[in-house]
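J.: kindly return the folded structure for what I paste below:
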Amino acid sequence: MRTKNKLSVGFVFIAIVLLWLKTYTVYKINFDMKIENLMQEFILFINPLSFLMLILGIGIFFSNRKQKIFVVATSFIISFVLYANVVYYREFSDFITIPLLMQTGNMADLKSSVGELVSWADLLYFTDALLLMALALVKTPKITFKKQRNIAVAAFYMSAVGLAFFNLGLSESERPELLTRTFDREILVKNIGTYNHHIYDAYLQTKTTAQRAMADGNQLAEIENYSRAQYTAPNKEMFGAAKGKNIIVPSIEQ
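T.: As a prediction, this is how the structure comes out:
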C-alpha cells in the first residue's frame, strides 16, 4: 500500500520515455518534414515531451493499480491519435485538423481507401502500449518519494511547463510568429509537436465557433461597406490566363 506521503513515478516515467521515443521515431520515418539545421532537429526531438509529462503525469496522483490502468489506457489513446495522423498523412500528406475532419469529401476518400492504407505491420505503432500492459502485470521498478511529496509533484509539473515554454521559445526563434501560421501544419507539427498541434487546433476552432455565436448582425453593414471600399476592378491583362490549363491551385493565407 502506498502511504499518503509516498509518491511512485517509476511506471509513469517508463511510459513517458517510451511514447516520447516512439513519437520522434514516427516523425522521422513517416512524416516528410524538412529539417534544415541542428536546432530544428533538437526542437523536433523535444516537442512531444512536455505534453506527455503533463498528461501521463496525472498518473502519479493515483494508487499503484489505478495508476497502471490510467497510464496504459492513456498510452493507447495517445498512440491511436499518432497512428491516425500517420494513416491520414499516407493519403493526404497532411495532418489531421477539425475542419479537415468536417469536410465530408476528405473523410469519404479516406474511408474508401482505408484498407489500402493500413496493414498488420501497423500494430508496431502500439508496441509501447502493449509493453506497458505487460509491465503492468508484473512488478515494475519503482522510483518513489517518501518525503516532500508535494514538492516532488510541483517540481515535476514545473519542469513540464518550463519545457513547454522552452520549446515554444526555441520554435519562435526559428520561426517568428509561429502560432499565426496555421495554414502550414507541417511547420506547426515540426515545432510544437503533433499532440500540441491538436490542442491548439481545438482552441482555434472553439474560438472561431464562439466568435460566430456572438457575432453582432449590426456589424454586417460595416463589413459590407468595407468590402465595397476595398473593391479592385478585374485585371484585363490577367483575363484568360488559365485558359487551356486543367489544374489551378489557389493559395490563401490568413
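J.: need the helix or strand of the chain with the lowest average pLDDT.
T.: None of the helices or strands of the chain scores lower by mean pLDDT, DSSP states H and E than strand 144-145, at a mean of 54.
J.: mind giving me the packing neighbours of the helix or strand just after that strand?
T.: Counting by DSSP states H and E, the element after strand 144-145 in chain order, helix or strand, is helix 149-174. Using 3 or more Cβ pairs under 8 Å, 6 or more residues apart in numbering; DSSP states H and E, the elements in contact with helix 149-174 are strand 7-8, helix 38-46, helix 49-56, helix 185-192. (Glycine included, C-beta is placed from N, CA and C.)
J.: now render the ones you listed as JSON lines, adding mean pLDDT and distance to M158.
T.: Below are these laid out as JSON lines (pLDDT from 0 to 100; distance: least, Cβ to Cβ, whole Å):
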{"stretch": "strand 7-8", "mean pLDDT": "64", "distance to M158": "15"}
{"stretch": "helix 38-46", "mean pLDDT": "96", "distance to M158": "16"}
{"stretch": "helix 49-56", "mean pLDDT": "96", "distance to M158": "11"}
{"stretch": "helix 185-192", "mean pLDDT": "93", "distance to M158": "20"}
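J.: indicate which one of these is closest to V17.
T.: helix 49-56 (8.9 Å; Cβ to Cβ).
J.: can you check what angle separates whichever helix or strand comes after that closest one from helix 185-192?
T.: On the C-terminal side of helix 49-56, the closest following helix or strand by DSSP H and E is helix 64-92. Between helix 64-92 and helix 185-192, the angle comes out at 150 degrees (axes from the mean of the first three to the mean of the last three Cα atoms, to 10 degrees).
J.: quick revisit: how about the helices and strands packed on helix 149-174 in a markdown table, adding distance to A233 and mean neighbour count?
T.: Formatted as a markdown table, these follow (distance: least, Cβ to Cβ, whole Å; neighbours: other Cβ atoms under 10 Å):
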| stretch | distance to A233 | mean neighbour count |
| --- | --- | --- |
| strand 7-8 | 70 | 20 |
| helix 38-46 | 44 | 16 |
| helix 49-56 | 50 | 22 |
| helix 185-192 | 35 | 21 |
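J.: reformat the ones you listed as CSV; add distance to Q205.
T.: Converted to CSV, the helices and strands packed on helix 149-174 look like this (distance: least, Cβ to Cβ, whole Å):
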stretch, distance to Q205
strand 7-8, 37
helix 38-46, 25
helix 49-56, 18
helix 185-192, 14
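J.: out of these, nearest to F95?
T.: Of the helices and strands packed on helix 149-174, nearest to F95 by Cβ to Cβ is helix 185-192, at 4.6 Å.
J.: other SSEs contacting the closest one?
T.: Applying 3+ Cβ pairs under 8 Å, 6+ apart, one finds that helix 185-192 contacts helix 38-46, helix 149-174, helix 194-213.
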